[in-house]
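Visitor: kindly return the folded structure for what I paste below:
(one chain, ligands or ions: 1)
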Amino acid sequence: MSDNRTETTERTDRERSADSSASATETDPLLRIEDVWKSYGDEEVLRGIDLEVDRGDVEVLVGPSGSGKSTMLRCINRLTEVDSGHIYLDDLDVTAADTNPDAVRQQIGMVFQDINLFAHLTARKNVTLGLRKVRGFSKEQARQRADSELERVGLADQADSYPAQLSGGQKQRVGIARALAMDPEVMLFDEPTSALDPELSNEVLEVMQGLVAEGMTMVVVTHEMRFARGGASRITFLAEGEIVERGPPEQLFENPTHERTAQFFESIRHD
Ligand SMILES: Nc1ncnc2c1ncn2[C@@H]1O[C@H](COP(=O)(O)OP(=O)(O)OP(=O)(O)O)[C@@H](O)[C@H]1O
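Guide: Here you go, the predicted model:
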């Protein structure tokens, strides 16, 4: 009797979950970060982070140096393991032990501050490499995808150039094309312009603005407040591994609720 009841309950739960996932995919947050903790030795770098990012939204993470922004991004695409808590991309538990980190990184592209292209490969080959090795694309398919991604970042004419022949901004755009080529659900950017001169930063920021306009879901760590103000759906202000305040750009820039946020935005205004 009790066995039957359990079965019935299980079936109902499954059905309910099937129903909700059928209708929820478009409306549920694409990325859910639940009570994530991370320490290095005695230092608690992330202290109970909860964050949800909707499909098509752009989340900008700001905060003082050492507040845990990069660590947060690295946990999202499993370059760093969380100590506890969960991160979900749709239904995929990114943090689960049996989730393959490579599968995570196909769906969550990342662009770093350091532009790590292979020096001995052309821009095109830097983009096709992952498509061939990880996605199993044929040579021709990979070439076509690479060329269309290079065009997307404004580098159609540089496909045959080697990294040494490209400016820092162009190299960073190849890095973006390489991440986009995997057709990710989410793009993570970790200070993509901080190694670049202002002029070269601008061309990278323009590409990022283009992705915002396309509706790409993005989590961005940046000191570029113009991008944060113009591109962010929400800004999260982190300090000492905790979210102090989160809201639309106008709230954090004009009317922060917390003194700590006000001080931070005041300090960067004078940078
Ligand atoms: N692999 C690691 N091993 C040990 N400590 C680390 C490691 N990675 C980060 N940390 C420490 O964790 C803290 C948070 O670093 P994190 O890079 O996440 O901060 P951040 O907010 O991105 O800083 P910044 O703006 O300077 O890049 C720092 O004190 C840093 O030294």
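Visitor: what pLDDT does the model give the spatially closest residue to His120 that is not a sequence neighbour?
Guide: Nearest residue to His120 in three dimensions, chain neighbours excluded: Tyr162, at 7.6 Å (Cβ to Cβ, 6 or more residues apart in numbering). (Each C-beta comes from the backbone N, C-alpha and C, glycine too.) Model confidence at Tyr162, expressed as pLDDT, equals 97.
Visitor: and for Tyr162, the neighbour number?
Guide: Tyr162 has 16 neighbouring residues, counting by other Cβ atoms under 10 Å.
Visitor: that one is in contact with Leu121, isn't it?
Guide: Yes. Tyr162 lies in contact with Leu121 (Cβ atoms under 8 Å); the separation is 7.4 Å.
Visitor: what's whichever strand or helix holds Phe253 packed up against?
Guide: Element membership of Phe253, judged by DSSP states H and E, is helix 249-254. Where contact means 3 or more Cβ pairs under 8 Å, 6 or more residues apart in numbering; DSSP states H and E, helix 249-254 is packed against helix 225-231, strand 234-239, helix 259-269.
Visitor: got these as CSV, with distance to the ligand columns?
Guide: As requested, these are arranged in CSV below (distance: least, Cβ to the nearest ligand atom, whole Å):
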stretch, distance to the ligand
helix 225-231, 14
strand 234-239, 7
helix 259-269, 12
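Visitor: deepest of these, which one?
Guide: Highest mean neighbour count among these (mean count of other Cβ atoms under 10 Å): strand 234-239, with a mean of 22.
Visitor: residues in contact with that one?
Guide: Contacts of strand 234-239 with the rest of the structure, by Cβ atoms under 8 Å, 6 or more residues apart in numbering, involve 51, 57-64, 67-69, 72, 228, 243-249, 251-252, 256, 258, 260-261, 264.
Visitor: mind running it again at 7 Å?
Guide: If you take Cβ atoms under 7 Å, 6 or more residues apart in numbering as the criterion, strand 234-239 is touched by 51, 57, 59-64, 67-69, 228, 243-249, 252, 260-261, 264.
Visitor: residues of the stretch 51-200 of the chain that sit close to the ligand?
Guide: 63, 65-71 (Cβ under 6 Å from any ligand atom).
Visitor: mind showing which ranges of this structure have poor pLDDT?
Guide: 1-26, 270-271 (pLDDT under 70).
Visitor: quick one: the strands in this structure?
Guide: For the chain, applying DSSP state E gives strands covering 31-40, 43-53, 58-62, 84-89, 92-93, 108-111, 186-190, 217-221, 234-239, 242-247.
Visitor: now the angle between strand 58-62 and the second one, please.
Guide: Put plainly, it is strand 43-53. 160 degrees (axes from the mean of the first three to the mean of the last three Cα atoms, to 10 degrees).
Visitor: with the last one instead?
Guide: Using the same axes, to 10 degrees, one finds that strand 242-247 and strand 58-62 are set 130 degrees apart in direction.
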